[in-house]
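Trainee: Below is the sequence, then the predicted model.
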Amino acid sequence: MDFITATAALCGQMLNYKTIADAAGIDQITAKNWLGILERLCLVFYLQHYSNNMLKRMVTKPKLYFYDCRLVEYLTKWSNSDTLMNGAMSGAILENFVVSEIIKSYQICGWEAYIYYYRDKGTKEIEILLEDSGKLSPMEIKKTATPQKQLTRLFGVIDKATLERGTGAVLCTTDRLSAFDSQNLIVPIWGI
């Protein structure tokens, strides 16, 4: 497996130089240097973990994403979108798509995107934490048209953060905007 294919196969996951290096048959230093090149070429970017002294036992590795999901599909040899949506990487590529679209929407407006993820050592994860206007808004990304409210249960983890919790959202394949309650929205992915 070549380097860029190995990298694409790990989109939406925590960065692990060893895994990429082993899959590509190179050493970790080379993998790190080559990832730096991909980042400078604006092919990949990293989502950093949310850092706050009040939130204990956090994982600190960044997550790896590609700006172009079609490139990921091509490199990981998914023949078409229908096959991909039923495949093993569908969730990771959907997450990659959503995160990259949010980042790009900020960049096109010339704004700085303060977007993070949260994961503790017990693997509790919130896929997106968006910091804006002094609030921290949690978001989950799911490949479902009928999300359940339990998807928002981890949002309370960030109540210990120094910032006030903003409106949460489950970004999913539903066809219309709705809400679980006054604090948690159901947002169609096409609306981002």
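Mentor: Everything's here; your move. Residues are numbered from 1 along each chain as shown.

Trainee: G168: how many residues sit nearby?
Mentor: G168 is flanked by 25 other residues according to other Cβ atoms under 10 Å. Placement of C-beta: from N, CA and C, glycine included.

Trainee: and it, what is it in contact with?
Mentor: Residues in contact with G168 (Cβ atoms under 8 Å, 6 or more residues apart in numbering) are S137, P138, M139, E140, T152, F155, Q183, N184, L185.

Trainee: The residues you listed in strands, which ones?
Mentor: S137, P138, M139, E140, N184, L185 (DSSP state E).

Trainee: Considering those residues, which is situated nearest to N16?
Mentor: Nearest to N16 out of the ones in strands among the contacts of G168 is E140 (Cβ to Cβ; 22.7 Å).

Trainee: From Y117, how far out is V44?
Mentor: 15 Å (Cβ to Cβ, to the nearest Å).

Trainee: follow-up on the earlier one: quick one, which of the contacts of G168 are buried?
Mentor: Among the contacts of G168, the ones that count as buried by 16 or more other Cβ atoms under 10 Å are S137, P138, M139, E140, T152, F155, N184, L185.

Trainee: Any idea what the third one is bridged to?
Mentor: Per DSSP bridges, residues listed as beta-bridge partners of M139: I128, A169.

Trainee: ok, S100 - how many residues close by?
Mentor: 21.

Trainee: what sits against the nearest residue to D2 once chain neighbours are set aside?
Mentor: Excluding the flanking residues, the one nearest D2 by Cβ to Cβ, 6 or more residues apart in numbering is A24, at 6.1 Å. Going by Cβ under 8 Å, 6+ apart, A24 touches M1, D2, F3, T5, A6, A31.

Trainee: again with Y67
Mentor: Taking Cβ under 8 Å, 6+ apart, one finds C42, L43, V44, F45, S100, I103, K104 in contact with Y67.

Trainee: And the top helix by length along the chain, what does it pack against?
Mentor: The longest helix of the chain (DSSP state H) is helix 90-108. Judged by 3 or more Cβ pairs under 8 Å, 6 or more residues apart in numbering; DSSP states H and E, helix 90-108 is in contact with strand 44-49, strand 63-66, helix 69-75, strand 115-119, strand 125-132, strand 135-141.

Trainee: so where's the chain uncertain?
Mentor: Scanning the chain for pLDDT under 70 picks out 1, 53-59, 84.

Trainee: if we can go back for a sec, let me have the helices and strands packed on helix 90-108 in a markdown table, extended by distance to Q13.
Mentor: Formatted as a markdown table, the helices and strands packed on helix 90-108 follow (distance: least, Cβ to Cβ, whole Å):
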| stretch | distance to Q13 |
| --- | --- |
| strand 44-49 | 11 |
| strand 63-66 | 6 |
| helix 69-75 | 12 |
| strand 115-119 | 11 |
| strand 125-132 | 11 |
| strand 135-141 | 14 |
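
Trainee: between those, which gets nearest to L94?
Mentor: strand 135-141 (6.3 Å).

Trainee: Now do the closest one: everything it contacts.
Mentor: Here strand 135-141 has contacts from 50, 94-95, 98-99, 118, 126-131, 151-152, 154-155, 158, 161, 163-172, 189, using Cβ under 8 Å, 6+ apart.
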